[in-house]
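Q: predicted structure and sequence below. I'll ask about it afterward.
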Amino acid sequence: MKTVFLSILFLSFCYSTNAGTIEDAMKKIPRANAGSIDGVIEYIKDNASSDRDKAKAVYCWITYNVKYDVKKFLKDKPSNSKPEDVFKKKLAVCEGISNLYKEMCVKLGLKCEIVDGFSKGFGYKTGAGFTEADHAWNVVMFDGSWHIVDATWGAGEIRKGIFRQKFKRNPSDDYFDQSPKDVILMRAPEIAMWQLLSDPVSLKTFMAGDKKIAEHFKNPGKTVYSFKDTINYYLGLAEKIKIPEYGRMALKYNSRNSIPLAFGIFRQTAEFLMQQNGKLEEKQFDSLSLSVKNAIDLLKNKRSVRSAVQEAIDKGLIDAHEMQSGIYLLKSEYPRKRMMNTNINSYDSLSLYSNQYIKCLSLVVAETKESENKKMYKELNNDLCEMYVALYDSYSKFFKLETNPRKQREIKKEMDAQLKIANRIAMEGSNCAKLIQQRK
């Protein structure tokens, strides 16, 4: 019995010593290592005995050294986000801190991901809903499984001062390798798999508070959710597929959180267009324009109380309309070439080919207007206007050659329609306005 007791005592002593070793080591980084990310990484490699130690060492360095940027947070302004900037300035909000944590873990050979999600942090009122992510943390793999780490909350907290709020550094181990069931009381990832729970908590239950969450765990659902399989599937996707897939998963968890999917579609479409260098089959343009339209629909009525997010939404919409304009412009080349390469010797054939081309050009102009590119809109609008005038002239030739009175009336009606549209869209003082005046 005495031997067993001594063994347990010895193991306990070793464990407590090892548990504190990496923390103590991170407080004693030599100046030669402290000046760069790579220097700190080399120091960690020399002092960490396991992957867990490596992950903990990064957590310690950040919580000991990086301050939360309260001013930028309260003013809703962007703070340092690039890992190198966060490291040098030692000031950031959760985005920059989680970016730095991932960067350092990856340099140490650890698998690490950033988790965006919803939090009941500073200023949250119980029961309040969520329309977009407001916090970021990390998951890191060691000992063969994923573990949750939040170096932002682990560094300290925002406290109310006499005149203003300020950051109070208070490094804590509580947010390193935190239990998933404890995490979900205060933070819910945008996508359910990062809860690391076999019975994920719904957003509705998360918003309802601790009591409802506790009830959820007491009465688990019959279906077991394999978050490990979902994570492996997701991380195994090609980047161009992963981005919109993340958006779909985020929208499934929170039907009001449409931003990730919208921006995922924009990015996927832009990358596809760049890869193809504009060389697409005509039928491909319809599916591309439909995808962009769906993304625009997801964002056009989206409003955020956070100015930085709203600015991103507004810019995203402008970029999306510009992208849509480019898609329609590329598509318009097909009917234009058909019109150029076809011997148009009748009113009917002219009407057929010109309508296809005009439709594409009209969409180009409409999307360019929405993109707020005023110079381009002015140029394209004038081109479209002149196209209507040119059609008026072409119809006039067929009108003069036509002998059938009924057909003449039909052509005359079309002529008047073209000039009427041209007159409606012509800008004051434009070349097209002058051309119209000459034909009246």
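A: Looks like it arrived, so ask away.
Q: packing partners of the helix or strand hosting Lys400?
A: Using DSSP states H and E, Lys400 falls within helix 374-401. Using 3 or more C-beta pairs under 8 Å, 6 or more residues apart in numbering; DSSP states H and E as the contact test, the elements touching helix 374-401 are helix 347-370, helix 405-425, helix 431-439. In short, each C-beta sits where N, CA and C put it, glycine included.
Q: among those helices, which is nearest Asp177?
A: Within the helices and strands packed on helix 374-401, the stretch nearest Asp177 is helix 347-370; the backing value is 48.0 Å (C-beta to C-beta).
Q: now do the closest one, average pLDDT.
A: Here helix 347-370 scores 91 as its mean pLDDT.
Q: report the angle between it and helix 405-425.
A: Put simply, helix 347-370 runs at 10 degrees to helix 405-425, going by axes from the mean of the first three to the mean of the last three C-alpha atoms, to 10 degrees.
Q: helix 347-370 - contacts with which helices or strands?
A: In this structure, helix 347-370 makes packing contacts with helix 307-341, helix 374-401, helix 405-425, judged by 3+ C-beta pairs under 8 Å, 6+ apart.
Q: at 7 Å what do you get?
A: Secondary-structure packing of helix 347-370 (3 or more C-beta pairs under 7 Å, 6 or more residues apart in numbering; DSSP states H and E): helix 307-341, helix 374-401.
Q: can I get those helices in a markdown table including mean pLDDT and distance to Lys67?
A: Formatted as a markdown table, the helices and strands packed on helix 347-370 follow (pLDDT from 0 to 100; distance: least, C-beta to C-beta, whole Å):
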| stretch | mean pLDDT | distance to Lys67 |
| --- | --- | --- |
| helix 307-341 | 91 | 20 |
| helix 374-401 | 94 | 43 |
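Q: of all these, which one is nearest Val66?
A: Closest among these, using C-beta to C-beta: helix 307-341, at 20.0 Å.
Q: picking up where we left off before, mind putting the helices and strands packed on helix 347-370 into JSON lines with mean neighbour count and distance to Val66?
A: Converted to JSON lines, the helices and strands packed on helix 347-370 look like this (neighbours: other C-beta atoms under 10 Å; distance: least, C-beta to C-beta, whole Å):
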{"stretch": "helix 307-341", "mean neighbour count": "17", "distance to Val66": "20"}
{"stretch": "helix 374-401", "mean neighbour count": "17", "distance to Val66": "43"}
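Q: figure out which of these is closest to Val70.
A: helix 307-341 (15.4 Å).
Q: the closest one to helix 347-370, inter-axis angle?
A: Angle of helix 307-341 versus helix 347-370, following the same axes, to 10 degrees, is 160 degrees.
Q: got the buried residues for the host helix or strand of Gln284?
A: Following DSSP H and E, one finds Gln284 within helix 282-300. Neighbour counts over helix 282-300 (16 or more other C-beta atoms under 10 Å) mark 285, 288-289, 291-292, 295-296, 298-299 as buried.
Q: stretch 148-167 now?
A: 148-156, 158, 167.
Q: who touches that stretch?
A: Residues outside stretch 148-167 that contact it (C-beta atoms under 7 Å, 6 or more residues apart in numbering): 55, 59, 62-63, 66-68, 70, 74, 94, 97, 101, 122, 137-140, 168-172, 174-178, 180, 183, 196.
Q: with stretch 257-272 instead?
A: The contact list for stretch 257-272 (C-beta under 7 Å, 6+ apart) reads 131-132, 190, 240, 243-244, 246-248, 250-251, 288, 291-292, 294-295, 298-299, 302, 316, 319-320, 323.
Q: residues contacting the nearest residue to Ile421 once chain neighbours are set aside?
A: Spatial nearest neighbour of Ile421, chain neighbours left out: Tyr388 (5.2 Å); criterion: C-beta to C-beta, 6 or more residues apart in numbering. Applying C-beta under 7 Å, 6+ apart to Tyr388 gives the contacts 418, 421-422.
Q: in those, which residue is surrounded by the most others?
A: For the contacts of Tyr388, neighbours were counted using other C-beta atoms under 10 Å, and Ala422 has the most, 23 neighbours in all.
Q: could you measure that one against Tyr64, distance?
A: As judged by C-beta to C-beta, to the nearest Å, Ala422 and Tyr64 stand 70 Å apart.
Q: do Glu103 as well
A: With distances taken as C-beta to C-beta, Glu103 is found 17 Å from Tyr64.
Q: these two: who's more crowded?
A: Neighbour count, other C-beta under 10 Å: between Glu103 and Tyr64, Glu103 has more, with 19 against 15.
Q: just the helices in the stretch 151-300 of the chain please.
A: 151-155, 180-183, 203-208, 210-218, 227-235, 239-253, 259-276, 282-300 (DSSP state H, counting those that start in this stretch).
Q: could I get the ones you listed as CSV with distance to Ala25?
A: Formatted as CSV, those follow (distance: least, C-beta to C-beta, whole Å):
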stretch, distance to Ala25
helix 151-155, 17
helix 180-183, 27
helix 203-208, 37
helix 210-218, 36
helix 227-235, 31
helix 239-253, 36
helix 259-276, 38
helix 282-300, 47
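Q: ranking those helices by burial, who's on top?
A: Most buried of the helices of the stretch 151-300 of the chain by mean neighbour count (mean count of other C-beta atoms under 10 Å) is helix 151-155; its value is a mean of 23.
Q: please export the C-alpha coordinates of that helix as CSV.
A: Presented in CSV, the C-alpha positions along helix 151-155 are these (Å, rounded to 0.1, in the frame of the first residue of the first chain):
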residue,chain,number,x,y,z
ALA,A,151,-6.6,32.8,-26.7
THR,A,152,-8.7,36.0,-26.9
TRP,A,153,-10.8,35.2,-23.9
GLY,A,154,-7.9,33.4,-22.2
ALA,A,155,-5.9,36.7,-22.2
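Q: the helices of the stretch 151-300 of the chain: which one's closest to Glu84?
A: For these, the distance to Glu84 is smallest for helix 151-155, at 16.7 Å, taking C-beta to C-beta.
Q: got the contact list for the nearest residue to Leu288 once chain neighbours are set aside?
A: Nearest residue to Leu288, sequence neighbours excluded (C-beta to C-beta, 6+ apart): Ile327, at 5.4 Å. Neighbouring residues of Ile327 by C-beta under 7 Å, 6+ apart: 285, 288-289, 292.
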